[in-house]
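**Student:** what follows is a protein structure lacking sequence information:
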């Protein structure tokens, strides 16, 4: 299984955020340490740009022994296609995660992967119907179905965001969504701004934070503790979720 970790340094809201320190290391290396605990066989490749702005990032990753592919900065859909061509992979699925989500919960991802294996979804994620906290995003994408898409029909949004052609044309694809019983989509555990990193840092610096525990329940318990939420107002830590087929209603 390919895991593509999408990353860049030139964020306008928080430049070089992927290299910002988190628990004594660049945030992207913290996230990679977390991903490497996954219980399935995978090949991790960080997909960044070939621009000079990402030279430092590439150097950090390569010095840490992480495989890096560099491609187009703006047309990220093309970057993913270039990576698949370079790796000579045209079958199976790839997992897409992004470097602004350092607290990815592997039990959510592994549940999604099991669903894809069982039901052969063309596209599966927890991002189109948003119920989980922002920052726990994952997408699992059929490589043949991704490659066969006609880029002449893409608009700029399709090119910049890799996968929206799937869910904007849902009648053509089997699209599964992991949907939580509890709507926590308002909760921010992503890192778009320095204030987001402050929240994530508070979580990982708790004495009760266990770097080897990537479970959703553990993360939610930590979030409750950091925010001082009392019983009754605490987020439910159970992964009480179901799978729904997604359609955007187009004919």
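**Tutor:** Thanks, I have it. Keep in mind it's a predicted model, so treat the numbers as computed, not measured.
**Student:** contacting residues for residue 242?
**Tutor:** By C-beta atoms under 8 Å, 6 or more residues apart in numbering, residue 242 lies in contact with 178-179, 181. (C-beta placed from N, C-alpha, C; glycine too.)
**Student:** not counting stretch 53-65 itself, show me its contacts.
**Tutor:** 7-10, 16, 18-19, 26, 28-29, 32, 46, 48, 68, 70, 73.
**Student:** mind doing that once more with 7 Å?
**Tutor:** The contact list for stretch 53-65 (C-beta atoms under 7 Å, 6 or more residues apart in numbering) reads 7-10, 18-19, 26, 29, 46, 48, 68, 70.
**Student:** in PyMOL, select just the buried ones from those residues.
**Tutor:** To isolate the buried members of the contacts of stretch 53-65 in PyMOL, using 16 or more other C-beta atoms under 10 Å:
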select buried, resi 7+8+9+18+19+26+29+46+48+68+70
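**Student:** which two of the contacts of stretch 53-65 have the greatest separation?
**Tutor:** 10 and 29 (19.0 Å; C-beta to C-beta).
**Student:** so residue 8, which of the three states?
**Tutor:** Assigned with DSSP: H, G, I helix; E, B strand; the rest coil, residue 8 falls in the coil class.
**Student:** and the one 10 residues further on, by the same measure?
**Tutor:** Using three-state DSSP, the three-state assignment for residue 18 comes out as helix.
**Student:** which intervals of the stretch 101-250 of the chain have sub-threshold pLDDT?
**Tutor:** 230-233, 237, 250 (pLDDT under 70).
**Student:** just the strands in it please.
**Tutor:** Listed in chain order, the strands of the stretch 101-250 of the chain (DSSP state E, counting those that start in this stretch) span 123-125, 139-142, 175-180, 241-245.
**Student:** just those strands: most buried one?
**Tutor:** strand 123-125 (a mean of 25; mean count of other C-beta atoms under 10 Å).
**Student:** same for it, what does it pack against?
**Tutor:** Under the contact criterion of 3 or more C-beta pairs under 7 Å, 6 or more residues apart in numbering; DSSP states H and E, strand 123-125 touches helix 106-119, strand 139-142, strand 175-180.
**Student:** just tell me which of the ones you listed ends up closest to residue 92.
**Tutor:** Per C-beta to C-beta, nearest to residue 92 of the helices and strands packed on strand 123-125: strand 139-142, 8.0 Å.
**Student:** packing partners for the closest one?
**Tutor:** Partner elements for strand 139-142 (3+ C-beta pairs under 7 Å, 6+ apart): strand 93-98, helix 106-119, strand 123-125.
**Student:** which one of the ones you listed lies nearest to residue 206?
**Tutor:** If we rank those by C-beta to C-beta, the stretch that ends up nearest is helix 106-119, at 19.1 Å.
**Student:** stretch 201-214: which residues count as buried?
**Tutor:** By 16+ other C-beta under 10 Å, the buried positions in stretch 201-214 come out as 201, 203-204, 209, 213-214.
**Student:** got JSON lines for the residues you listed, with distance to residue 127 too?
**Tutor:** Formatted as JSON lines, the buried residues of stretch 201-214 follow (distance: C-beta to C-beta, whole Å):
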{"residue": "201", "distance to residue 127": "24"}
{"residue": "203", "distance to residue 127": "21"}
{"residue": "204", "distance to residue 127": "23"}
{"residue": "209", "distance to residue 127": "25"}
{"residue": "213", "distance to residue 127": "23"}
{"residue": "214", "distance to residue 127": "18"}
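**Student:** many thanks, we can stop here.
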